[in-house]
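Trainee: Got a sequence here, can you build the structure:
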Amino acid sequence: MRFALITEGISEHRIIKHILEKYYKDSDTYFRQIQPQIFNEKQISGGGWLEVLKYCTREDDLNEIFNNNDYLVIQIDTDQSQTKPFDVSHTKSNNRLKTIEELYADIIEKLKSLIRPDIIEEHGHKIFFAVSIHTIECWLLPLYYNNNHKSDIGNCLFSLNKELKKKNIHPIPQKDKNNPISIRSYETILRNWGKKQDIINSAKHNFGFIKFVESLRIIGYE
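Mentor: Sure thing, here's the model as predicted:
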C-alpha cells in the first residue's frame with residue numbers, strides 16, 4: 001500500500017507514519033511525504049496548517065498524488081482553526097463552545113470544501129483525514145497518563161513533557177520539535193505503539209484520533 005502524506009510538519013509526519021506502519025503491520029506499506037518536503041529526516045520546506053490548506057486547493061498536484069499512490073492522508077491540528085484563512089470557529093453563533101464532534105465535523109467540511117468536487121467524487125474514498133484535536137501531541141497522552149489527562153485537548157505538549165521528564169526522557173520544546181534530541185524523544189514515545197491494538201487503545205481517548213483510526217478500516221474492504 002502506497003500512502004501519500006500531507007501533514008503540518010515533520011513531527012506529525014513521524015506520528016502518522018508510525019500509526020500506519022503498526023496498524024498495517026502485516027502489509028507492505030510505502031510512504032511519500034508530500035507536504036512539507038522531507039529529505040534525510042529533515043524538513044526542507046515550509047510547514048504549518050496554512051500550507052496544508054493551500055495544498056488541498058492544488059488540483060493538478062492532488063490528481064498526480066492518486067496517479068502514483070493508493071491513498072492520501074491529510075493531517076491538520078485544530079488549535080489555530082479560528083485564525084484566517086482557516087476560519088473554523090471553536091464557538092457557535094451564540095458564542096457557546098462547539099462540542100468536539102461539531103468542531104471535527106466543521107473541520108472535515110472545510111478541508112473537503114477546498115478540494116475540487118470531481119476529485120472528492122473520484123478519490124474521496126481514498127482520502128483519510130487525521131484531525132488532531134487540538135494538537136497531535138494530545139494523541140500521545142494516553143501513553144503516559146492513566147487519569148483524566150489522557151483525554152486532554154489543551155496544553156498537550158506541556159502535559160506530555162511533564163511525564164517525559166519523570167521518565168528521564170528529554171522534553172520536546174515547542175519551538176524546536178525537530179532537533180536531534182527531540183527526534184529521539186518522539187522515537188522513544190512511539191515505541192509504545194508496538195501493535196495495532198496499542199493504537200486503538202490510545203485512540204479512543206481523543207475524538208479526532210479515533211475517527212482517523214476508524215476510517216482506516218475501509219482499506220481491505222474496497
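Trainee: make it CA atoms for all contacts and neighbour counts henceforth
Mentor: Noted.
Trainee: Packing partners of whichever strand or helix holds residue 64?
Mentor: Secondary-structure assignment from DSSP states H and E places residue 64 in helix 59-68. Applying 3 or more Cα pairs under 8 Å, 6 or more residues apart in numbering; DSSP states H and E, one finds that helix 59-68 contacts helix 49-56, helix 117-123.
Trainee: mind exporting that helix as CSV, just the C-alpha atoms?
Mentor: In CSV, the C-alpha atoms belonging to helix 59-68 read as follows (Å, rounded to 0.1, in the frame of the first residue of the first chain):
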residue,chain,number,x,y,z
GLU,A,59,-6.0,20.3,-8.3
ASP,A,60,-3.1,19.1,-10.6
ASP,A,61,-0.9,18.1,-7.7
LEU,A,62,-3.8,16.1,-6.0
ASN,A,63,-4.5,14.3,-9.2
GLU,A,64,-0.8,13.4,-9.5
ILE,A,65,-0.9,12.0,-6.0
PHE,A,66,-3.5,9.5,-7.0
ASN,A,67,-1.6,8.6,-10.1
ASN,A,68,1.3,7.4,-8.0
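Trainee: buried sites along it?
Mentor: 62, 65, 66 (16 or more other Cα atoms under 10 Å).
Trainee: now that helix, how far from the centre of its chain.
Mentor: Centre-to-centre, helix 59-68 and its host chain are 20 Å apart (Cα atoms, centre = their mean, to the nearest Å).
Trainee: which other residues reach that helix?
Mentor: By Cα atoms under 8 Å, 6 or more residues apart in numbering, the surrounding residues in contact with helix 59-68 are 4, 55, 56, 72, 115, 116, 119, 123.
Trainee: let's see 7 Å
Mentor: 4, 116 (Cα atoms under 7 Å, 6 or more residues apart in numbering).
Trainee: For residue 96, state which of the buried residues of helix 59-68 is nearest.
Mentor: Taking Cα to Cα as the measure, residue 96 lies nearest residue 62 of the buried residues of helix 59-68, at 36.2 Å.
Trainee: any idea how far that closest one is from residue 172?
Mentor: From residue 62 across to residue 172, the span is 33 Å (Cα to Cα, to the nearest Å).
Trainee: could you list every residue that touches residue 44?
Mentor: Per Cα under 7 Å, 6+ apart, neighbours of residue 44: 37, 38.
Trainee: Ignore what I typed, I meant residue 70.
Mentor: Neighbours of residue 70 in contact, by Cα under 7 Å, 6+ apart: 1, 2, 3.
Trainee: Adding neighbour count, write those residues out as JSON lines.
Mentor: As requested, the contacts of residue 70 are arranged in JSON lines below (neighbours: other Cα atoms under 10 Å):
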{"residue": "1", "neighbour count": "12"}
{"residue": "2", "neighbour count": "15"}
{"residue": "3", "neighbour count": "23"}
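Trainee: In strands, which of these appear?
Mentor: If you go by DSSP state E, these have 2, 3 in strands.
Trainee: Least confident of the contacts of residue 70?
Mentor: Across those, the bottom pLDDT score, 93, is held by residue 1.
Trainee: Which residue is the nearest non-sequential neighbour of that one?
Mentor: What sits nearest to residue 1 in space, not counting adjacent residues and going by Cα to Cα, 6 or more residues apart in numbering, is residue 29, at 4.8 Å.
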